[in-house]
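*Asks:* Quick one, what's the 3D model for this:
(3 chains)
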Amino acid sequence: MKAALFIPCYVDALFPEVGIATLELLERLGVKVDYPLDQTCCGQPMANSGCEKDAAGAEALFVKNFAGYDYVVTPSGSCTHHVRGNLTAIPQTARVLKVRRSVYELVEFLHDVLAVREFPWAEFRHAVGLHNGCASLRALRTASASEIREPPFSKPMALLSKVKGIRFVAPQRPDECCGFGGTFSVFEEPVSAKMGYDKVSDHAGAGAEYIVSGDMSCLMHQKGCAERMGLPVRFIHIAQVLNGARK
Amino acid sequence: MSKRVDHSEAASKFIKAKDHLEFHDKRLWDLRGKRDREVERLPEWEQLRTLASAIKEHTLTHLADYLEEFERNAIANGARVHWARDAAEHNQIVLGILQEAGASTLVKSKSMLTDECEMRPFLEARGIEVMETDLGERIQQLDGEPPSHIVVPAVHKLRGDVSRVFADKIGTDPKNSDVHYLAESQRRHTRPYFLRAGAGMTGANFAVAETGTLVVCTNEGNADLSVHLPTLHIASVGIEKVIPRIEHVGVFVRMLSRSALGSPITQLTSHFRKPRPGTAMHIVLVDNGRVERLGMADFWYSLKCIRCGACMNTCPVYRRSGGLSYGSTYSGPIGVIIDPAFDLRKYGSLPFASTLNGSCTSVCPVRINIHEQIYKWRQVIAERNQLPIVKQQAMAAAGKVLASPKLYRAATEATNLSLAKLPRVVLYNRLNAWGRQREVPGAPKRTFRQWYLENRKPKK
Amino acid sequence: MTTRDDMLARIRKCQPAPVPLPPIPVFDDAATPVLERFRAGVERMGGQLVEARAGADLGALVRSLYPAAKVICSACAELKGTRRPDPRRPPAELEDVDVGVVRALFGVAETGSVWITAAQFGVSALGFLSQHLVVLLDPALVVGNLHDAYRQRAQFDADYGVLMTGPSATADIEGVLIHGAQGIRGLTIVLVA
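*Replies:* Next up, the predicted model:
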């Protein structure tokens, strides 16, 4: 298995602990991952703003860094969705198509490729609100969506449920968007903030001490809201919990 | 040149009215919940969505043939069929029909198409009294506001608002905001208009090619009263409303009200085929940009829309900004993908009033890929230079930095250092939108990459 | 070139690649008996359902359900009201009807709907100007779901027909449910052969 690690730009710059936890977790599970040193970004921020042309450079660089790997693992649902679904600002050569097919969000990789369910080193004795980012949920289908009539399933829950001491709370709107939405958070700030406040209040009201997610971008936004609101809820990425973080 | 709609600005005002916002959000989320419970009772729901989508796509890809078949059968039924290329022609045709019949009072049931064509002000300026008979539309007419939601037009108003409007305009007791009293007042005030109107107007939810039938779904019964009392029935029908056969009506009727309100069917599902003896029926088939949209490879799927409003109810942005903030007859997710086709400049901000979360696509009974079309419209808007300058420049700059490993490292390693040192007043001021209502993320001491170089031996 | 010809020509030019028309499958109905489901549907949508034996005095039944009614306008041969609907008169003359009476042609269990046509109403406005409506329905004519309803193709040749489900209603003001929006305030279905 030739595998590489893609650390999204904002994780690299603002939340390196998530990248560290991802790498350590994969190493614990016996997966040797390369970390191409010239990686930057998947192109999503520009593409989602309509500026596909401006995303082309980052996308070409992404392909250059990750060509030749069977698996490119990343702790971000939205980045995975962008590469898999929308990395179209550059010519779609066989090389590009292969890279697009090879990207896996961390939960997908653990659940579907490694098929691992036990994390004996993990322990997280807290009340947890699980937040599935919308790209992970509806694009990558890592869990059943409340709008769709389908048998319930949840890959992140399947991974987290065996973590010692963990207990889950039930918010009233389990899969309503939290309002980050990339540049939406800046250009539609009033609605974005209201959505974030509502999301955090919902989890806190259900008794969550922590909100856990596979998308640090969502958590960054929710954390910003919670801190301004003075709510005591804390935020942690699923990689950190599965890697053994106690808090 | 039309004035650009600023959704964010309008949303900001909406959010400040806390009681209204809270009700609006809860009420529409409740409709979404009712929809979910209905869906749960139908094991074949997802299959029905696929079926409904395929029937619509088949019809739209054979639209000319089905329109001709519909027209043939409608004429054989004794109806007159007119064709309107745009709003102006539609309004002129309607006026002509009314004048020919000597009708100066028109009662009408809900039709988004007539709102889209701005028919009412056109007719009123030419001596026609137009009475909206749907309670929500009537409230909005009296208040001089357009409808804010295609199914529940006054959902953004509280009872006190309605009481104020009715007291002002139809003489109800200003101190009485009891909902039953207000609804009864509108019923009694409207009834004389039904009884003496010279003409009645409806839209159509579905136009059946096989029989020339118009199917109109209401809860109030106002479409039936508009048709069965006056001696002239005018129906405005968008060309995308055509469906092939009577048996297909069943598929769509099963989905419409479940999606809209979480009830299995509307209280009245009316099938108008022939005018009653001694009366006239006129059908106006309207283009107004629909044919152009049919030719758009990425966007023609929006023509499948059956106007259920489920996308609005589920949209977290719509619920917190209100339909009026979109500045168009069509708001919410469906509005976001239809309106830029009407006027790219005016509605260029709408596709950005979205987080691309995809809930709309998941509830759409005809499987319109709404959030994917929103993404595509963003590309069109950027290509046609309709993005705000600030955003264009920011994305161009970001694109350059993120395309270069060296520039990227310089930015990320420098940002962290500077974020750590900046005082709060610099980070949190009116120019920094992020910081208005949120804390900015703290600055770590090093990036992941720096940690990796220090802690792991990189392969040569 | 007329608008019609121009529109049709433009449509033909830009219609996307043809998509085939799918057949409508037969969907299995719930195991619950049809009349039980029908009653649940009617009541859920705000109507009421009563049963009567064949040959019962339906006029007396209606008068007992609506003791205050002055004008009972019946379109049914088997029930004599105070008036019959007359299609030669202006339909607005029915505006003082307290209770209209009509016989439906079939019912739908899935939704609690009844199908009534112009011929059944005599004057279609009867179904909407009356303050209340009584609908007679042969219980043997209740079908399972809406697909079953629409497969009865000949029914839809009627000049006008309505699937009526409960009384007229609205929740346009603050989501508060009102019965008797513009049309009938109450609907009573009498199951009688």
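*Asks:* Taking chain C, what residue is nearest to chain A?
*Replies:* Of chain C, the residue with the smallest distance to chain A, taken as Cβ to the nearest Cβ, is C:Phe27 at 13.8 Å. For the C-beta atoms, the positions are set from N, CA and C on the backbone; glycine is no exception.
*Asks:* tell me the contacts of that residue?
*Replies:* Going by Cβ atoms under 8 Å, 6 or more residues apart in numbering or on different chains, C:Phe27 touches B:44, C:145, C:147.
*Asks:* how close does it sit to C:Ala40?
*Replies:* Here the criterion is Cβ to Cβ, to the nearest Å. By it, C:Phe27 lies 18 Å from C:Ala40.
*Asks:* CA atoms only: put stretch C:122-133 into CSV for me.
*Replies:* The C-alpha trace of stretch C:122-133 is given here as CSV (Å, rounded to 0.1, in the frame of the first residue of the first chain):
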residue,chain,number,x,y,z
GLY,C,122,-74.9,19.4,-10.5
VAL,C,123,-73.5,22.8,-9.9
SER,C,124,-69.7,22.6,-9.0
ALA,C,125,-69.9,25.7,-6.8
LEU,C,126,-72.0,23.6,-4.4
GLY,C,127,-68.8,22.0,-3.1
PHE,C,128,-67.2,25.3,-2.2
LEU,C,129,-70.0,27.8,-1.4
SER,C,130,-71.7,25.5,1.1
GLN,C,131,-70.7,26.1,4.7
HIS,C,132,-70.6,22.3,5.2
LEU,C,133,-70.6,19.4,2.8
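*Asks:* quick one: stretch C:35-45 near chain B?
*Replies:* Yes. Using Cβ under 8 Å from any Cβ of the partner chain, we find that stretch C:35-45 touches chain B at C:41, C:44-45.
*Asks:* Strands of the stretch 151-300 of chain B, start to end?
*Replies:* For the stretch 151-300 of chain B, the strands defined by DSSP state E, counting those that start in this stretch occupy B:199-202, B:206-208, B:213-218, B:232-238, B:242-243, B:268-272, B:280-286.
*Asks:* how distant is the fourth one from the center of its chain?
*Replies:* Average the C-alpha atoms of strand B:232-238, do the same for its chain, and the two points are 20 Å apart (Cα atoms, centre = their mean, to the nearest Å).
*Asks:* Could you do the fifth one as well?
*Replies:* With Cα atoms, centre = their mean as the basis, the distance from the averaged C-alpha position of strand B:242-243 to the chain average is 20 Å.
*Asks:* Now render the strands of the stretch 151-300 of chain B as CSV, adding distance to C:Gly186.
*Replies:* Formatted as CSV, these follow (distance: least, Cβ to Cβ, whole Å):
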stretch, distance to C:Gly186
strand B:199-202, 24
strand B:206-208, 28
strand B:213-218, 17
strand B:232-238, 27
strand B:242-243, 33
strand B:268-272, 15
strand B:280-286, 30
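*Asks:* Figure out which of the ones you listed is closest to chain A.
*Replies:* Nearest of those (Cβ to the nearest Cβ): strand B:213-218, 22.3 Å.
*Asks:* neighbouring contacts of that closest one?
*Replies:* Outside strand B:213-218, the residues that touch it by Cβ under 8 Å, 6+ apart are B:109-110, B:134, B:202-208, B:223-224, B:235, B:237, B:246, B:249, B:253, B:256-257, B:265-273, B:283, C:156.
*Asks:* number of nearby residues for C:Ala52?
*Replies:* 14 (other Cβ atoms under 10 Å in any protein chain shown).
*Asks:* show me the contacts for it.
*Replies:* With Cβ under 8 Å, 6+ apart, C:Ala52 has these contacts: C:58, C:61, C:190-192.
*Asks:* could you pull out the helices for chain C?
*Replies:* Using DSSP state H, the helices found in chain C span residues C:3-14, C:34-44, C:58-65, C:118-121, C:126-129, C:146-151.
*Asks:* Comparing those, which comes out most buried?
*Replies:* Of all these, helix C:126-129 has the most neighbours on average by mean count of other Cβ atoms under 10 Å in any protein chain shown, namely a mean of 28.
*Asks:* does the residue of chain A found nearest chain C sit in a helix, a strand or a coil?
*Replies:* In chain A, the residue that lies nearest chain C is A:Arg149 (13.8 Å; Cβ to the nearest Cβ). Classification of A:Arg149 using DSSP: H, G, I helix; E, B strand; the rest coil returns coil.
*Asks:* how many neighbours does B:Gly160 have?
*Replies:* The tally of other residues near B:Gly160 (other Cβ under 10 Å) stands at 12.
*Asks:* Just give the nearest non-adjacent residue to it, would you?
*Replies:* Spatial nearest neighbour of B:Gly160, excluding adjacent residues (Cβ to Cβ, 6 or more residues apart in numbering or on different chains): B:Ser177 at 5.1 Å.
*Asks:* before we move on, what about A:Gly181?
*Replies:* Distances taken as Cβ to Cβ, 6+ apart place B:Thr355 nearest to A:Gly181, at 2.9 Å, with adjacent residues excluded.
*Asks:* Would you confirm that B:Ile150 contacts B:Gly309?
*Replies:* Yes. Using Cβ atoms under 8 Å, B:Ile150 is in contact with B:Gly309, at 5.0 Å.
*Asks:* These two: who's more crowded?
*Replies:* When neighbours are counted by other Cβ under 10 Å, B:Ile150 and B:Gly309 differ, and B:Gly309 comes out ahead with 28 against 23.
*Asks:* how close does the closest residue to the more buried one other than its chain neighbours get to chain A?
*Replies:* Counting by Cβ to Cβ, 6+ apart, B:Val151 is the residue found nearest to B:Gly309 once chain neighbours are left out, at 4.0 Å. Distance, B:Val151 to chain A, by Cβ to the nearest Cβ, to the nearest Å: 18 Å.
*Asks:* Also B:Arg436?
*Replies:* On the measure of Cβ to the nearest Cβ, B:Arg436 and chain A end up 6 Å apart.
*Asks:* For burial, what's the neighbour tally of that residue?
*Replies:* B:Arg436 has 16 neighbours, counted by other Cβ under 10 Å.
*Asks:* quick one: pLDDT of it?
*Replies:* B:Arg436 is assigned 87 on the pLDDT scale.
*Asks:* ok, is stretch B:56-70 in contact with chain C or not?
*Replies:* Yes. Using Cβ under 8 Å from any Cβ, we find that stretch B:56-70 touches chain C at B:57-58, B:60-64, B:67-68.
*Asks:* tell me how far the ends of that stretch are from each other?
*Replies:* In stretch B:56-70, first residue to last residue: 15 Å (Cα to Cα, to the nearest Å).
*Asks:* how far out from the middle of the chain is that stretch?
*Replies:* 23 Å.
*Asks:* Flag every buried residue along that stretch.
*Replies:* For stretch B:56-70, burial by neighbour count (16 or more other Cβ atoms under 10 Å in any protein chain shown) applies to B:56-67, B:69-70.
*Asks:* Alright, calling it a day.
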